[in-house]
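Asker: compute the structure for the input listed below.
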Amino acid sequence: MGLLRSLPAVLAFGIIAVVLSPARADVAADTCIGMAAPSYPNASNFTPIGSILHVLVTLGAGQTRNTTHIIINRWRFNLDCTAYFPCVDDGPVVSFQGNIATNCGVAFTASLSPGDLLPNEVVFTADPPLVIPSETPSFCTVEFDVRVETRGNEATPGIVYESAFFDAPSFDGVCDMIPPISTGVFLAAFFRLCPDCVDDGDPCNGTEACDPNADSSANPCVPGIPPTCDDEDVCTLDSCDSSVPSPGDPCVHTPSHEGDCDLAACLACAAGPDGKATICHRLAEGEHAGLTLKVPLAALPSHCHDHGDSCGACDAEQ
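Answerer: Sure, this is the predicted structure:
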């Protein structure tokens, strides 16, 4: 397939380049390197299973010698690999989703249809062939979508490797020297998947879930959304009991007029609908201070009675 000439590493989400060129005696004199660099411009630090991931591939011409242009007939993309290089299919991990867009001035068609998982290699064919001037590493871009279907099957199931490349024997990219030679460059990238978060068993902090925006060096599993225990009854104190096992209801509603009586809560809900059998109280403390209420005497604990006054015009009836 070609001669392994260099192995530089470039960090993005994790990108590695392998340059493969046809074995020729005069390879030092004639150099043809096409570029197809994958990246994920909108990706989070962790990608949930089932997510649509936007892929951007930058096409260009790298180091060339004795040529003025590289002609791109097609380029290829591996949906998932067990490692950077060589790419071995990791199984039905990622599917192609289409939505191809480009600013290259030519059209690209894909060998797979949206939803396809196999074959692992997607061939993007240019119509007409794309001509890129030498020494232009970022000439134009091609964008498309993929979907993460499941976790990987290799030694690092939380990482998905993908790659874009030119196949030299197939003359995917050709430099216009005489005689012409083809390019063979393999550029790989990776993205991290959300782990399977294990619930800590505490119903009061919600079900643990993955935070896609968590620091890439940290554990992305965080507490979920706590249950809403507010029953909208001002006469109860609402709390969550973390000892209640699932699927039980951990919310506890305790009457608030039993205990310390500041009258702010226990009186707010006790106004008699017809004003009968009520005693008038003026609240002195709390958020309802100054409010005058008619409160059924039977609704008040005995130790609350001393906190009221006659209220004058309230016309309390006992």
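Asker: now do the buried residues in stretch 36-52.
Answerer: Within stretch 36-52, the residues that qualify as buried by neighbour count (16 or more other C-beta atoms under 10 Å) are 36-40, 43-47, 51. No exception for glycine: its C-beta is placed from N, CA and C like everyone else's.
Asker: quick check: of those, which lies closest to Thr102?
Answerer: Taking C-beta to C-beta as the measure, Thr102 lies nearest Ala36 of the buried residues of stretch 36-52, at 12.6 Å.
Asker: okay, the closest one and Thr150: tell me how far apart.
Answerer: Distance from Ala36 to Thr150, counting by C-beta to C-beta, to the nearest Å: 26 Å.
Asker: quick one on the thing from earlier: farthest-separated two in the buried residues of stretch 36-52?
Answerer: Longest distance between any two of the buried residues of stretch 36-52 is 25.8 Å, between Ala36 and Phe46; criterion C-beta to C-beta.
Asker: pLDDT weak spots in the chain?
Answerer: 1-30, 233-235, 255-318 (pLDDT under 70).
Asker: so Gly152 is in contact with Asp89, correct?
Answerer: No - between Gly152 and Asp89 there is no contact under C-beta atoms under 8 Å: 11.0 Å.
Asker: neighbour count winner among those two?
Answerer: Neighbour comparison, Gly152 and Asp89: the larger count goes to Gly152, with 20 against 17 (by other C-beta atoms under 10 Å).
Asker: quick one, what contacts the more buried one?
Answerer: Contact analysis of Gly152 by C-beta atoms under 8 Å, 6 or more residues apart in numbering lists 80, 82, 90-91, 93, 158-160, 193.
Asker: quick check: phi and psi at the residue nearest to Phe171 when sequence neighbours are not counted.
Answerer: Leaving aside its chain neighbours, Phe171 sits nearest to Ser182 (4.6 Å; criterion: C-beta to C-beta, 6 or more residues apart in numbering). Per-residue torsions, Ser182: phi -100, psi 160 (degrees, to the nearest 10).
Asker: can you add distance to Ile71, neighbour count and secondary structure and give the contacts of Gly152 back as a markdown table?
Answerer: Formatted as a markdown table, the contacts of Gly152 follow (distance: C-beta to C-beta, whole Å; neighbours: other C-beta atoms under 10 Å; DSSP: H, G, I helix; E, B strand; the rest coil):
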| residue | distance to Ile71 | neighbour count | secondary structure |
| --- | --- | --- | --- |
| Asp80 | 29 | 26 | strand |
| Thr82 | 32 | 17 | coil |
| Asp90 | 32 | 23 | coil |
| Gly91 | 35 | 17 | coil |
| Val93 | 33 | 26 | coil |
| Gly158 | 39 | 12 | coil |
| Ile159 | 35 | 16 | strand |
| Val160 | 32 | 24 | strand |
| Leu193 | 37 | 22 | strand |
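Asker: which one of those residues is nearest to Phe144?
Answerer: Of all those, Asp80 has the smallest distance to Phe144: 14.8 Å, by C-beta to C-beta.
Asker: next one: that closest one from Leu118, what distance?
Answerer: Distance from Asp80 to Leu118, by C-beta to C-beta: 11 Å.
Asker: now, among the buried residues of stretch 36-52, which is nearest to Thr68?
Answerer: Checking the buried residues of stretch 36-52 against Thr68 with C-beta to C-beta, the nearest one is Ala36 at 19.9 Å.
Asker: quickly list what the closest one is bridged to.
Answerer: Leu59 (DSSP bridges).
Asker: mind listing what it touches?
Answerer: Ala36 neighbours (C-beta under 8 Å, 6+ apart): 57-59, 75, 164-166, 185, 187.
Asker: for these, which one is nearest Asp231?
Answerer: Val57 (54.6 Å).
Asker: just checking, that closest one touches Thr141?
Answerer: Yes - look at Val57 against Thr141 with C-beta under 8 Å: they come within range, at 6.6 Å.
Asker: which of those two has more residues huddled nearby?
Answerer: Neighbours were counted for Val57 and for Thr141 using other C-beta under 10 Å; Val57 has more, 22 against 17.
Asker: what's the domain layout of the protein?
Answerer: Using automatic domain parsing, the domain parsing of the chain gives 3-192, 262-318.
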